[in-house]
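A.B. asks: Give me coordinates for this.
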Amino acid sequence: MTRRTCIYAGCRRNPKPGAKYCYGHLAVAFVEKYGTHVKGRWKGQRFKLMTWQRKILMAVWGNVDKNGHRKIRFVWIEIPKKNGKSEFASILALLGLAGPDKEQGAEVYCAAGDIKQATLVYDPARIMVRERKALKKRLKTIDSQKRIVNRKNDGFLAVLSSEIFTKHGLNPSMVIFDEIHAQPNDLLWRVLTEETDVAREQQLIIVITTAGEADKGQIGYKLHTYAKQIHDGVIKDPTWYVVMYCADEKDDFSDPRLWKKTNPALGHIFDMARLKKNFQAVKNRPDKVVNWQRFRLNIWVGQIDRYVKLTDWDACGEDYDIGDLLGRACWGGLDLSTKIDLTSFVLLFPPLGDDDKFLIWPHFYMPADNIIERQRKDQVPFVTWKKKGWLKATPGNGIDYDFIRKDVIKSSKLFGLQTVAYDPWAAHDTANTLAEKHGIQMVEFRQGYKSMSEPTKEMQKMVITGELGHNRNPVMDWCMDNLVVDIDATAENVKPNKKKSRERIDGAVGLIDAIGAYLLDKGNRSRFDEDPEAEVIVL
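C.D. replies: Numbers count the residues shown, from 1 in each chain. This next block holds a predicted model:
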């Protein structure tokens, strides 16, 4: 008796009972029939699976036991941005909801670190349902709930994030974890994966992610490490299927052969000419290099959130004192805190000659009555810093703004103080007094992307290239080591984020303000007033 096989050309697998195709090719057929491109030049066109996508479908859906149930439970897909992962994740979610598995009461979750990210998988799925009549007959979208319901099997697809979710009562048949490196902790992962497959014969957890921070404490990096061990053959786990398009930190990231190796959509979604153009734009931009390595080569990088490496900052230490700066032109940055916190006033001195560096002279202040308590609470040596003159204690239990104003006035007499940038949120009265009564040029410097992005990037560049020198003030060192920035994903603008930073960053903000004041006075105002997306490098 001749054994019947899948009718797909060249396939040797057994077909699903009652069907002409095997389980793998049924999944392929579903994706290419109902998958729809939702943006760009292919918008509205049906999916044509790329090789890497087809391989995953065949390996996962085509690998079944004698009962026709998938053997794979976890799928790890690690791939750089712009390789078609989001739309692929969306059609996989619909495959889990309405595909050939015919899962009754299917629960499919688009999971991510926040609702906005999770919606990036839901939205294309919603559009696909709208574009395909056959799907529209079976599925109903409820956009107000970010939910798609399958009328035939009582199943649903829903958005879930680490911000808001129910800890109990979840019974997922499929989970699509998007960008797991952005998960703030492992709680959502555990809720969706631990002992949730009791009532599901072939529950499937799919992770589709780009590289993130190489932090051993983060769930994304822990899972990446486990997946890499499977990928490299160090350990065996037949329930996992691992796909990794990653370069190594030691690879030459300027090599086009490496770009081709790590970007399977090259030649489909984008071409080599575009990559070369992107690379030319970033190769001499230290602030862009990490993004290139992470987004284009999928390298897990160290300390994404820490904007300046402490080793780079330490290398900028110089031996000079206040006497070396007397009479020199300088620009200031004033970061006034609330009444009980650290406050900074940082002076920036431009180079005197081609071989000179930008030098800084920072001032730090804290209420005298609070220093001991703050040291006990924060475990930071404020008392020692005060004794050694690195930190000034202002009288009382709140910051004395008059004390700080006197320092600014004194600086205007000792140095050629040109302009002081300040955040008007807490310094409006102080700035008015300094400007109106003492003739010091003050400029508002709001803490948004428009004002802060360019001087923040400039500061990082100056540190990396060694154009900046500092006097090894330990308070300043501490602030720089704490500096975390927000990144506008659309335009890649940056700004300091005090809430995300581990500790105080007032000195870093004061320095950035001073650099901003200098750039503005040097005729670079247009760099802040132009469209914030004007210099976007598409990755």
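A.B. asks: shaky segments in the stretch 1-150 of the chain?
C.D. replies: The stretch 1-150 of the chain contains residues with pLDDT under 70 at 1-3.
A.B. asks: Could I get the full set of strands for the stretch 201-350 of the chain?
C.D. replies: 204-209, 240-244, 329-335, 343-349 (DSSP state E, counting those that start in this stretch).
A.B. asks: Out of those, which gets nearest to residue 178?
C.D. replies: Nearest to residue 178 among these is strand 204-209 (5.9 Å), distances taken as CB to CB. Bear in mind the C-beta positions are built from the backbone N, C-alpha and C, glycine included.
A.B. asks: So what touches that closest one?
C.D. replies: For strand 204-209, contacts defined as CB atoms under 8 Å, 6 or more residues apart in numbering pick out 60, 70, 72-79, 85, 88-89, 92, 96, 172-181, 192-193, 220, 223.
A.B. asks: about what we covered before: could the strands of the stretch 201-350 of the chain go into CSV alongside distance to residue 18?
C.D. replies: Formatted as CSV, these follow (distance: least, CB to CB, whole Å):
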stretch, distance to residue 18
strand 204-209, 22
strand 240-244, 26
strand 329-335, 71
strand 343-349, 73
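A.B. asks: So which of those is nearest residue 312?
C.D. replies: In terms of CB to CB, the element of the strands of the stretch 201-350 of the chain nearest to residue 312 is strand 343-349, at 17.8 Å.
A.B. asks: tell me what that closest one is packed against?
C.D. replies: In terms of contacts (3 or more CB pairs under 8 Å, 6 or more residues apart in numbering; DSSP states H and E), strand 343-349 is packed against strand 329-335, strand 358-367, helix 401-414, helix 506-521.
A.B. asks: list the buried ones in it?
C.D. replies: Residues of strand 343-349 classed as buried: 343-349 (neighbour count, 16 or more other CB atoms under 10 Å).
A.B. asks: before we move on, what about stretch 415-428?
C.D. replies: Buried residues in stretch 415-428, counted by 16+ other CB under 10 Å: 415, 417-423, 426-427.
A.B. asks: Now flag whichever of those residues is closest to residue 29.
C.D. replies: For those, the nearest to residue 29 is residue 423 (58.6 Å; CB to CB).
A.B. asks: re earlier: quick one, which of the strands of the stretch 201-350 of the chain is nearest to residue 446?
C.D. replies: For residue 446, the closest of the strands of the stretch 201-350 of the chain is strand 329-335, at 12.5 Å, according to CB to CB.
A.B. asks: in its sheet, what does that closest one sit against?
C.D. replies: strand 343-349 (antiparallel), strand 416-422 (parallel) (DSSP bridges).
A.B. asks: hmm, back to that, and the contacts of strand 204-209, which of them are in helices?
C.D. replies: Mapping the contacts of strand 204-209 onto helices (DSSP state H) picks out 60, 85, 88-89, 92, 96, 192-193, 220, 223.
A.B. asks: Compare these and tell me which has the most neighbours.
C.D. replies: residue 92 (29 neighbours; other CB atoms under 10 Å).
A.B. asks: if I pick it, what's in contact with it?
C.D. replies: The contact partners of residue 92, taken as CB under 8 Å, 6+ apart, are 31, 174, 176, 206.
A.B. asks: Which parts of the chain belong to which domain?
C.D. replies: Annotated domains of the chain cover 70-244, 256-297, 310-529 [automatic domain parsing].
A.B. asks: Start and end of stretch 330-342, how far apart?
C.D. replies: Start and end residues of stretch 330-342 are separated by 23 Å (CA to CA, to the nearest Å).
A.B. asks: Can you mark which positions in that stretch are buried?
C.D. replies: 330-337, 341-342.
A.B. asks: ditto for stretch 193-209
C.D. replies: In terms of neighbour count (16+ other CB under 10 Å), stretch 193-209 has its buried residues at 193, 196-197, 200, 202-209.
A.B. asks: now could you export just the CA positions of it as CSV?
C.D. replies: Extracted in CSV, the C-alpha atoms of stretch 193-209 (Å, rounded to 0.1, in the frame of the first residue of the first chain):
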residue,chain,number,x,y,z
THR,A,193,3.9,30.5,30.7
GLU,A,194,4.0,28.8,34.1
GLU,A,195,1.5,25.9,34.4
THR,A,196,-0.9,27.5,31.9
ASP,A,197,-0.8,24.6,29.4
VAL,A,198,-2.7,22.1,31.6
ALA,A,199,-5.9,22.5,29.5
ARG,A,200,-4.0,23.0,26.2
GLU,A,201,-2.5,20.2,24.3
GLN,A,202,-0.4,22.4,22.1
GLN,A,203,0.1,25.7,23.7
LEU,A,204,2.6,27.9,21.8
ILE,A,205,4.7,30.7,23.2
ILE,A,206,6.3,32.8,20.5
VAL,A,207,8.9,35.5,21.2
ILE,A,208,9.8,37.9,18.4
THR,A,209,12.4,40.4,19.6
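A.B. asks: ok now it, how far from the chain's centre?
C.D. replies: When distances are taken as CA atoms, centre = their mean, to the nearest Å, stretch 193-209 is centred 26 Å away from the chain's centroid.
A.B. asks: For the closest residue to residue 100 other than its chain neighbours, list the residues it contacts.
C.D. replies: Nearest non-adjacent residue to residue 100, counting by CB to CB, 6 or more residues apart in numbering: residue 26, 4.1 Å away. Contacts for residue 26 (CB under 8 Å, 6+ apart) come out as 16, 19, 61, 99-100.
A.B. asks: Now for those, which sits with the most neighbours around it?
C.D. replies: Ranked by neighbour count (other CB under 10 Å), the contacts of residue 26 have residue 61 at the top, with 26 neighbours.
A.B. asks: Does that residue touch residue 68 like I think?
C.D. replies: No. Look at residue 61 against residue 68 with CB atoms under 8 Å: they stay out of range, at 10.6 Å.
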